[in-house]
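J.: Build me a model from this:
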Amino acid sequence: MRSSLLLVHRWLGLASALFLLLTGLTGAIISWDHELDELLNPAWMHSESHGAHQSTLALAKQVAERYPQVQVSSIPLHVEEGHTLAIGVRPLPNPPDGMPPVKFNQVFIDPVTGEELGKREWGAVWPIDRTNAVSFLYKLHYSLHLPEMWGIDRWGIWLMGGVAIIWLIDSFVGFYLTFPKSTRRTQTKLHKAPSIHASNQATFWQRWWPAWKMRWNSSHHKRYFDMHRAFGLWTWVLLIILAFSAFALNLRREVFMPVMQSAFTLTPTPSDLRPRLPVPQQLPPKMDYEQILNVALEDARAQGWQEPAGRISYSAAFQLFNVDFYYPDADHGVAGAGHKRLYYDGLDGHYIGKRIPWEGTAGDVIVQAQFPLHSGRILGMPGRILISVMGLVVAMLSVTGVYLWLKKRRARKVSFTIVQQQVTAHDRLAERSFN
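T.: Now for the predicted structure:
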């Protein structure tokens with residue numbers, strides 16, 4: 001069985017190594033996506049204007065009038081002092097009046113003067129420059145930038161979800177392979193090998209402990225082997241969390257939620273109950289942002305919520321308005337789990353439902369915990385640092401795994417060549433003796 005599992009570990013690892021190398025390195029970087037984006041693009045992220053801020057809804061309306069080829073998709077409702085307003089837009093599948101399509105999905109506005117500071121395509125594949133470098137890595141991390149095909153833009157997300165499943169299985173197999181080998185085969189030879197008898201009396205933990213340690217003074221091959229095994233063991237729980245949460249985030253609707261529903265009682269969100277529309281059918285809403293916001297403010301007061309409305313957005317894929325409620329300094333929500341949210345229909349504006357982070361059934365909390373766990377935000381700043389380090393660990397495990405495979409493959413080739421040479425020499429000697 002052990003030899004079969006070793007084969008499984010080898011080929012699952014090789015199949016996922018390149019993907020995990022990419023996601024590990026990009027994950028280590030994008031843990032700090034906002035900070036890096038501000039560092040690279042200060043002129044777009046910071047404003048030196050002083051005075052009262054204009055209405056963000058009014059500024060978003062100006063953007064929509066300026067660019068008829070786009071649909072406004074996300075509007076922050078308050079802007080921190082010294083920062084700019086980043087309005088999310090979505091290029092329309094069919095621009096009006098034969099207008100050319102646009103290549104941007106974010107517009108940066110000075111909240112005091114209303115001046116447009118810049119625009120970009122968040123997550124653009126090319127060209128890569130300082131304006132979109134961080135978002136390029138972010139999207140590469142979970143989708144590989146695979147393009148839309150046949151009206152579906154989730155091919156890369158599904159692929160990386162499959163890689164996460166392989167990674168999860170391989171992590172369990174690798175963990176099992178670190179266990180000490182069975183000593184049953186040595187039982188019949190104990191009278192010939194007292195040292196074996198002594199080791200055979202050691203406990204399981206005593207025989208397993210060497211797998212957790214590094215042999216720093218050994219050969220390169222042994223050091224790389226120990227790095228692969230020991231680092232994998234010490235970080236195994238975190239590796240499982242990362243692999244499982246990656247699977248849950250990328251295959252949420254397709255696999256994760258059906259599995260969770262079979263084991264737990266879940267409260268589905270409105271987007272879980274609606275089919276994702278193909279890209280050509282993702283049309284603008286029939287309702288106005290201001291209308292939806294006014295209704296949402298009344299509903300939030302009726303709910304007894306104290307937080308102000310922080311953002312309103314429209315998901316064309318599900319024809320849903322989302323209104324998030326949070327204080328300005330909590331843009332990622334409670335421990336990374338998002339904000340209190342009210343949902344409204346995009347066609348007639350009727351109330352659909354609500355979402356409150358970290359509330360609901362046990363299954364609801366598990367579902368909500370996946371992004372906070374994967375990003376480390378569940379632990380705040382220490383969690384983000386830990387996830388950055390784990391990204392490097394994942395990359396290292398991928399590299400050392402491939403190195404060990406190449407080393408063994410080369411050794412087998414050399415061994416085969418030596419055997420072939422010995423057979424050839426033996427045949428020649430036999431031929432001479434015969435002659």
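J.: Only C-alpha atoms from now on, for both contacts and neighbour counts.
T.: Fine.
J.: now the strands: where do they sit in the protein?
T.: Using DSSP state E, the strands of the chain run over 70-76, 85-91, 106-109, 116-120, 309-315, 320-325, 340-345, 351-355.
J.: any chance of the ones you listed in TSV, plus distance to T26 and mean neighbour count?
T.: Converted to TSV, those look like this (distance: least, CA to CA, whole Å; neighbours: other CA atoms under 10 Å):
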stretch	distance to T26	mean neighbour count
strand 70-76	26	23
strand 85-91	24	23
strand 106-109	22	22
strand 116-120	21	16
strand 309-315	27	22
strand 320-325	28	26
strand 340-345	29	23
strand 351-355	30	16
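J.: Throw the ones you listed into JSON lines and include distance to V134 and mean pLDDT, thanks.
T.: Converted to JSON lines, the strands of the chain look like this (distance: least, CA to CA, whole Å; pLDDT from 0 to 100):
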{"stretch": "strand 70-76", "distance to V134": "20", "mean pLDDT": "95"}
{"stretch": "strand 85-91", "distance to V134": "16", "mean pLDDT": "95"}
{"stretch": "strand 106-109", "distance to V134": "14", "mean pLDDT": "96"}
{"stretch": "strand 116-120", "distance to V134": "12", "mean pLDDT": "94"}
{"stretch": "strand 309-315", "distance to V134": "23", "mean pLDDT": "95"}
{"stretch": "strand 320-325", "distance to V134": "25", "mean pLDDT": "96"}
{"stretch": "strand 340-345", "distance to V134": "27", "mean pLDDT": "95"}
{"stretch": "strand 351-355", "distance to V134": "29", "mean pLDDT": "93"}
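J.: any chance of the ones you listed in JSON lines, plus distance to H46?
T.: Listed next are the strands of the chain as JSON lines, based on distance: least, CA to CA, whole Å:
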{"stretch": "strand 70-76", "distance to H46": "15"}
{"stretch": "strand 85-91", "distance to H46": "9"}
{"stretch": "strand 106-109", "distance to H46": "10"}
{"stretch": "strand 116-120", "distance to H46": "10"}
{"stretch": "strand 309-315", "distance to H46": "19"}
{"stretch": "strand 320-325", "distance to H46": "23"}
{"stretch": "strand 340-345", "distance to H46": "27"}
{"stretch": "strand 351-355", "distance to H46": "31"}
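J.: Tell me which of those strands lies nearest to R207.
T.: The closest of the strands of the chain to R207 is strand 351-355. By CA to CA, the value is 49.9 Å.
J.: other SSEs contacting the closest one?
T.: strand 340-345 (3 or more CA pairs under 8 Å, 6 or more residues apart in numbering; DSSP states H and E).
J.: Now do the same contact list for P372.
T.: If a contact means CA atoms under 8 Å, 6 or more residues apart in numbering, then P372 has 335-337, 378 as its contacts.
J.: my bad, A28
T.: A28 neighbours (CA under 8 Å, 6+ apart): 387-392.
J.: ok, F225 touching S398?
T.: No - assessed by CA atoms under 8 Å, F225 is found out of contact with S398, at 11.9 Å.
J.: still on that earlier bit, can you tell me which of the contacts of P372 lies nearest to W212?
T.: Nearest to W212 among those, with distances taken as CA to CA, is I378, at 27.8 Å.
J.: quick one: that closest one from L239, how far?
T.: Taking CA to CA, to the nearest Å as the measure, I378 falls 16 Å from L239.
J.: cool, A58 as well?
T.: 46 Å.
J.: next one: R377
T.: 16 Å.
J.: And the two? Which one has more around it.
T.: Counted by other CA atoms under 10 Å, R377 and L239 do not tie: R377 has more neighbours, with 24 against 21.
J.: Excluding chain neighbours, what is closest to the more buried one?
T.: What sits nearest to R377 in space, not counting adjacent residues and going by CA to CA, 6 or more residues apart in numbering, is G336, at 5.0 Å.
J.: tally of neighbours for the one you found?
T.: Using other CA under 10 Å, the number of residues around G336 comes to 23.
J.: Tell me who's in contact with it.
T.: 371-372, 377-378.
J.: and of those, the nearest to M99?
T.: Using CA to CA, F371 is the member of those that lies nearest M99, at 38.6 Å.
J.: What's the separation between that closest one and N250?
T.: F371 is 11 Å from N250, by CA to CA.
J.: try D288
T.: Taking CA to CA, one finds D288 at 31 Å from N250.
J.: The two - which one has more neighbours?
T.: Counted by other CA under 10 Å, D288 and N250 do not tie: N250 has more neighbours, with 22 against 13.
J.: Check whether the more buried one really touches R154, as I assumed.
T.: No - using CA under 8 Å, N250 is not in contact with R154; the gap is 9.1 Å.
J.: for the stretch 301-435 of the chain, what spans make up the helices?
T.: Here the stretch 301-435 of the chain has its helices, by DSSP state H, counting those that start in this stretch, at 362-368, 370-375, 381-434.
J.: sorry, that was for the stretch 1-150 of the chain
T.: Counting by DSSP H, counting those that start in this stretch, the helices of the stretch 1-150 of the chain are 2-30, 33-40, 42-45, 56-66, 133-143.
J.: Could I get the pLDDT score of the residue nearest to R377?
T.: Note on G336: pLDDT of 82.
J.: How about the one 10 residues further on?
T.: The per-residue pLDDT reported for G346 equals 92.
J.: Next: the one 4 residues further on.
T.: With respect to pLDDT, H350 scores 94.
J.: cool, F434 as well?
T.: Here the pLDDT value assigned to F434 is 59.
J.: gap between the closest residue to P93 other than its chain neighbours and A317?
T.: Spatial nearest neighbour of P93, excluding adjacent residues (CA to CA, 6+ apart): P280 at 6.0 Å. P280 is 10 Å from A317, where distance means CA to CA.
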